[in-house]
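*Asks:* Below: sequence and its predicted model.
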Amino acid sequence: MHWSRSYLSAFVLLCAVAVFAPAAMGQPSPEQPAESKTAPLSSAEVSDAEIESAAEIVVSMEVQRKKIGKKYGDPDDMTAEQRRKAQHEIVRERQALMQKKTVEEDMDGGRLELIMVSARRDSALHKRVQAALEKKRAEKGVSAQ
């Protein structure tokens, strides 16, 4: 079956409207809970164990970023093709590490992101996260970036 480009574009647009229109109109979509997952968390809503897990994941990502920087060196010294390949490998390695660490720490990636974003808004949570990060960095012998 051969679809013309305009029919295919119209179909994609229709699907996008069906998926995103409820959210745009302020109505929760069927798979979206009534309470927003992106509402900032207060310090009281985040356990010490979650903060420790988040700190472990973040510090592991920092360690990996430093290793990758040493492995690939200065991007200005690379050709466009080398940069593209390096960037592709970096993204794959980071995604794999993030998935591995979130499973190890039994933490959802969305929850990690929500905790880190909330820490920017809630000063008490920010202090707790920073203290946990400093502790994990000291354990791993890593300096802050």
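*Replies:* Nice, thanks for sending it over.
*Asks:* Could you chop this structure up by domain?
*Replies:* Using automatic domain parsing, the domain ranges for the chain come out as 1-34, 40-140.
*Asks:* averaging pLDDT over each of the ones you listed, which comes out lowest?
*Replies:* Lowest mean pLDDT within the domains of the chain: domain 1-34, a mean of 52.
*Asks:* picking up where we left off before, most tightly surrounded among the domains of the chain?
*Replies:* Comparing the domains of the chain by mean neighbour count (mean count of other C-beta atoms under 10 Å), domain 40-140 comes out on top with a mean of 15. Just so you know, the C-beta spots here come from the backbone N, C-alpha and C atoms, and that holds for glycine as well.
*Asks:* starting at the chain centroid, how far to that domain?
*Replies:* Relative to the centre of its chain, domain 40-140 is centred 8 Å away, using C-alpha atoms, centre = their mean, to the nearest Å.
*Asks:* so which helix or strand takes in the residue nearest the centre of the chain?
*Replies:* Here the mean C-alpha position of the chain is nearest to the C-alpha of Glu113 (C-alpha atoms, centre = their mean), at a distance of 5.4 Å. Assessed by DSSP states H and E, Glu113 sits inside helix 109-121.
*Asks:* Does anything pack onto that helix? Which helices or strands?
*Replies:* helix 48-72, helix 80-104, helix 123-140 (3 or more C-beta pairs under 8 Å, 6 or more residues apart in numbering; DSSP states H and E).
*Asks:* Tell me which of those lies nearest to Leu41.
*Replies:* Shortest distance between Leu41 and those, using C-beta to C-beta, is found for helix 123-140: 6.9 Å.
*Asks:* For that closest one, output the C-alpha coordinates as CSV.
*Replies:* Below are the C-alpha coordinates for helix 123-140, written out as CSV (Å, rounded to 0.1, in the frame of the first residue of the first chain):
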residue,chain,number,x,y,z
SER,A,123,16.7,24.8,49.8
ALA,A,124,16.4,22.1,52.4
LEU,A,125,16.3,19.4,49.8
HIS,A,126,19.2,21.1,48.0
LYS,A,127,21.3,21.0,51.2
ARG,A,128,20.6,17.3,51.8
VAL,A,129,21.4,16.4,48.2
GLN,A,130,24.6,18.5,48.2
ALA,A,131,25.7,16.8,51.5
ALA,A,132,25.1,13.3,50.0
LEU,A,133,26.9,14.3,46.8
GLU,A,134,30.0,15.5,48.8
LYS,A,135,29.9,12.3,50.8
LYS,A,136,29.8,10.1,47.7
ARG,A,137,32.5,12.1,46.0
ALA,A,138,34.7,11.7,49.0
GLU,A,139,34.1,7.9,49.1
LYS,A,140,35.1,7.7,45.4
